[in-house]
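Trainee: no letters, just coordinates:
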């Protein structure tokens, strides 16, 4: 009987890595620090916060409201806000790619910003309408001056400059 033995050796590299291409996306950056600072302030201190803050102070104790407000602002709000800015700057990614596990949070952020934009655009359009109507009022009566409109209630009191 004939017996044949064959041996083959395969050498594998010790540190084998799969061929993965990393694609880097070039993202825009701020030219000056003041541009970034003003954009962040505009994002954080919007018109709604300016409108709601005096009411929140009045409804929650007046001057005593500032003590817990500033404590929570210093130890809660500012660190979380700084963390959000630092993560965004370090990763240079958007709300969808910073952590794929919580991609839904990015979509929720976009949805909330869209709804807030619709809300504020409505209020701004009212302000522009009343501004135009006030300039137009030099030629005719201002729409909010009299009580003969359909939207007025029975408690409407016509305010005339001569009465004051």
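Mentor: Looks like it arrived, so ask away. Treat the numbers as computed from the prediction; the structure is a model and nothing was measured.
Trainee: which elements pack onto the longest helix anywhere in the chain?
Mentor: Ranked by residue count and defined by DSSP state H, the top helix of the chain is helix 103-136. Counting contacts by 3 or more CB pairs under 8 Å, 6 or more residues apart in numbering; DSSP states H and E, helix 103-136 packs against helix 47-59. Any C-beta I mention is one placed from the backbone N, CA and C, and that applies to glycine too.
Trainee: the helix it packs on versus helix 103-136: what angle between them?
Mentor: Relative orientation of helix 47-59 versus helix 103-136 (axes from the mean of the first three to the mean of the last three CA atoms, to 10 degrees): 90 degrees.
Trainee: can you list the neighbours in contact with helix 47-59?
Mentor: By CB atoms under 8 Å, 6 or more residues apart in numbering, the surrounding residues in contact with helix 47-59 are 63, 65, 66, 116, 120, 123.
Trainee: now the helix or strand hosting the third one: buried residues?
Mentor: Remark: residue 66 resides in helix 66-72, with elements defined by DSSP states H and E. By neighbour count, with 16 or more other CB atoms under 10 Å as the criterion, helix 66-72 contains no buried position.
Trainee: what is the helix or strand just after it packed up against?
Mentor: Downstream of helix 66-72, the next assigned helix or strand under DSSP H and E is helix 78-91. The helices and strands touching helix 78-91, judged by 3+ CB pairs under 8 Å, 6+ apart, number zero.
Trainee: mind listing what's buried in helix 78-91?
Mentor: Under 16+ other CB under 10 Å, helix 78-91 has no buried positions.
Trainee: ok now do residue 116, which residues does it touch?
Mentor: Taking CB under 8 Å, 6+ apart as the test, what residue 116 contacts is residue 48.
Trainee: separation between it and residue 46?
Mentor: Counting by CB to CB, to the nearest Å, the separation of residue 116 from residue 46 is 8 Å.
Trainee: and what of residue 102?
Mentor: 24 Å.
Trainee: check residue 83 too.
Mentor: Distance from residue 83 to residue 46, by CB to CB: 20 Å.
Trainee: and if you look at residue 86?
Mentor: 21 Å.
Trainee: tell me the spacing between residue 71 and residue 77.
Mentor: 10 Å.
Trainee: before we move on, what about residue 29?
Mentor: For residue 29, the distance to residue 77 - CB to CB - is 26 Å.
Trainee: the two - which one has more neighbours?
Mentor: residue 77 (13 against 8; other CB atoms under 10 Å).
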